[in-house]
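> Could you look at this predicted model? Sequence included:
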Amino acid sequence: MPRIIQKYGGSSVANIELIRAVARRAVAAKREGADVVVVLSAMRGETDRLIGLANEACPDPDPRELDSLLSTGEQTSVALFALACQALGEKVKSFLGHQAGIKTDDVHGKARILEINPARLKTELAKGRVCVVAGFQGQDRHGDVTTLGRGGSDTTAVALAVALEADVCEIYTDVEGIYTTDPHVCDSAQKMDKICYEEMLEMSSLGAKVMEIRSVELAMNYGVRIHVRHAHSQSTGTIICEEDADMERTPVRGVTHSVNEARITLLKVPDHPGVAATILSIVAKAGIIVDMIIQNHSEPPGTDAGGEGLWTDFSFTVPAADYENALDLMRAAGREIGAAEVLGDNNIAKVSIVGVGMRNHAGVATVMFQALAKEGINLSMISTSEIKISCVIEKKYAELAVRALHGAFKLGGPIHG
């Protein structure tokens, strides 16, 4: 008997009628002979509503209490789904994260799954029940409720697919699948039949919003086959799977952008071994993720060669949400390490191209830079890997850059592989 994990996001369970619709879909899969485990997010807007209430009650809510509050969003979804299944005459049982055996670390708000004991789920599946699990949550070693961060229900679904050795993990959203770029930005964006884990991992980390990055990483590590589909359509979506030869024929398969970026620059830092580590360790201790890094060396006039008296300008990007905190930390650090000035800029965007075919196609960067130059878009930072090139540009040019690159790499036609 095949075993299927189905995950539905908040937009797919936004009201009772939509919950009934996804219940019918899960029940249909069950009656076709599959074991079905459903993972649900909170109803659309519910998490934001709960965060708003928390902030009204306390300007700086305790993370433990906030997790306890936010987890009720998913609890509501799974209970309503179970009732909808019962109305269809199907046997069903709902589970909160801890009831499904999901154990996490104790980092409230950004917890990571440590292990899953699926024994109770297996027992109920063996009884012929549909099992529905609250996504986004688990339990730490103290017995406290934890949440996994935004998009955490994707991670819950993939982790359950691993623990239950599922045949496929179906991620249902409000789009038809994975597109070559954001179709709201570029109307020639095309749905891909399939995409490899590495490409999806890069696209998720670079701004694509369909899949949460930790879920893709987990799927890649354990070989979980993911099918991204529209929640209210029967059409085939996009399969996320192992790389194959078809994927390498095209050098670029996707264009992403993110406007939630900020840059911090420390000017004329005395250059000596360990200065970069000193700067970045301060940011890391604050739990801030650094993305792109550029370090430029210069030598003051009249300085003898040999390394004495050298300066360095050190720039890095952080998520826009962490900008003010990171800037304050760097201003304090700059005074301590002797930086001439600390600058911040939250008026930037990052645009990227992604494709495993870059490994064996020359001239990809040239095409990218020429396309951006043709539109008068200046590049202030560049970062590369085997399968991606990212550029920092002014925020106002982000969507123009996406359309220019999508056209330059001829991604507007049918995409296969």
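Structure received. As the structure is a prediction and not an experimental result, all values here were calculated from the model. Numbers count the residues shown, from 1 in each chain.

> Shouldn't Glu399 be within a strand?
No - under DSSP: H, G, I helix; E, B strand; the rest coil, Glu399 falls outside any strand and is assigned helix.

> What count of nearby residues applies to it?
Other residues within reach of Glu399, judged by other Cβ atoms under 10 Å, total 18. All C-beta spots, glycine's among them, are computed from the backbone N, C-alpha and C.

> Quick check, it in contact with Val185.
Yes - between Glu399 and Val185 there is a contact under Cβ atoms under 8 Å: 4.9 Å.

> got any residues that touch both of these two?
Taking Cβ atoms under 8 Å, 6 or more residues apart in numbering as the contact rule, Glu399 and Val185 both touch His257.

> Show me the strands in the stretch 1-150 of the chain, by range?
With DSSP state E, counting those that start in this stretch, the ranges of strands along the stretch 1-150 of the chain come out as 3-8, 35-40, 92-95, 102-104, 113-116, 130-134, 137-139, 145-147.

> Turn those into JSON lines, including mean neighbour count and mean pLDDT.
Output for the strands of the stretch 1-150 of the chain, formatted as JSON lines (neighbours: other Cβ atoms under 10 Å; pLDDT from 0 to 100):
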{"stretch": "strand 3-8", "mean neighbour count": "25", "mean pLDDT": "97"}
{"stretch": "strand 35-40", "mean neighbour count": "30", "mean pLDDT": "98"}
{"stretch": "strand 92-95", "mean neighbour count": "21", "mean pLDDT": "98"}
{"stretch": "strand 102-104", "mean neighbour count": "24", "mean pLDDT": "97"}
{"stretch": "strand 113-116", "mean neighbour count": "17", "mean pLDDT": "96"}
{"stretch": "strand 130-134", "mean neighbour count": "28", "mean pLDDT": "98"}
{"stretch": "strand 137-139", "mean neighbour count": "27", "mean pLDDT": "97"}
{"stretch": "strand 145-147", "mean neighbour count": "27", "mean pLDDT": "97"}
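
> Switch the ones you listed over to a markdown table; also include distance to Ile195.
Output for the strands of the stretch 1-150 of the chain, formatted as a markdown table (distance: least, Cβ to Cβ, whole Å):
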| stretch | distance to Ile195 |
| --- | --- |
| strand 3-8 | 18 |
| strand 35-40 | 21 |
| strand 92-95 | 31 |
| strand 102-104 | 27 |
| strand 113-116 | 24 |
| strand 130-134 | 26 |
| strand 137-139 | 28 |
| strand 145-147 | 28 |
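
> quick one: which of those strands is nearest Tyr172?
For the strands of the stretch 1-150 of the chain, the distance to Tyr172 is smallest for strand 3-8, at 4.8 Å, taking Cβ to Cβ.

> between the closest one and strand 130-134, what angle do the directions make?
Strand 3-8 runs at 40 degrees relative to strand 130-134, counting by axes from the mean of the first three to the mean of the last three Cα atoms, to 10 degrees.

> Please enumerate residues in contact with strand 3-8?
22, 25-26, 29, 34-41, 125, 135, 153-154, 156-158, 160-161, 164-172, 231.

> now the chain, which segments are flagged as low pLDDT?
207-208, 298-309, 413-417 (pLDDT under 70).

> For this structure, give the helix that spans the most residues.
Taking DSSP state H as the assignment, the helix of the chain that covers the most residues is helix 63-87.

> on that earlier part again, out of the strands of the stretch 1-150 of the chain, which is closest to Gly334?
strand 145-147 (34.8 Å).

> which other helices and strands contact the next helix or strand after that closest one?
As assigned by DSSP states H and E, the chain's next helix or strand after strand 145-147 is helix 152-163. Contact partners of helix 152-163 among helices and strands, from 3 or more Cβ pairs under 8 Å, 6 or more residues apart in numbering; DSSP states H and E: strand 3-8, strand 35-40, strand 113-116, strand 137-139, strand 168-173, helix 213-222.

> Just say helix, strand or coil for Val252.
Per three-state DSSP, Val252 ends up coil.

> Need phi/psi at it.
Phi and psi for Val252, reported as degrees, to the nearest 10, are phi -120, psi 130.

> How about the one 4 residues further on?
With angles defined as degrees, to the nearest 10, Thr256 sits at phi -120, psi 160.

> give me every residue that touches it.
Contacts of Thr256 (Cβ under 8 Å, 6+ apart): 181-182, 203, 206-208, 351-352, 354, 402.

> again with Met381
263, 292, 294, 315, 317, 391-392.

> Identify, from those, the entry nearest to Met247.
Nearest member of those to Met247, counting by Cβ to Cβ, is Cys391, at 23.2 Å.

> Just confirm the closest one contacts Asn378, I think it does.
No - at 9.5 Å, Cys391 does not count as touching Asn378 under the criterion of Cβ under 8 Å.

> Thanks a lot, see you next time.
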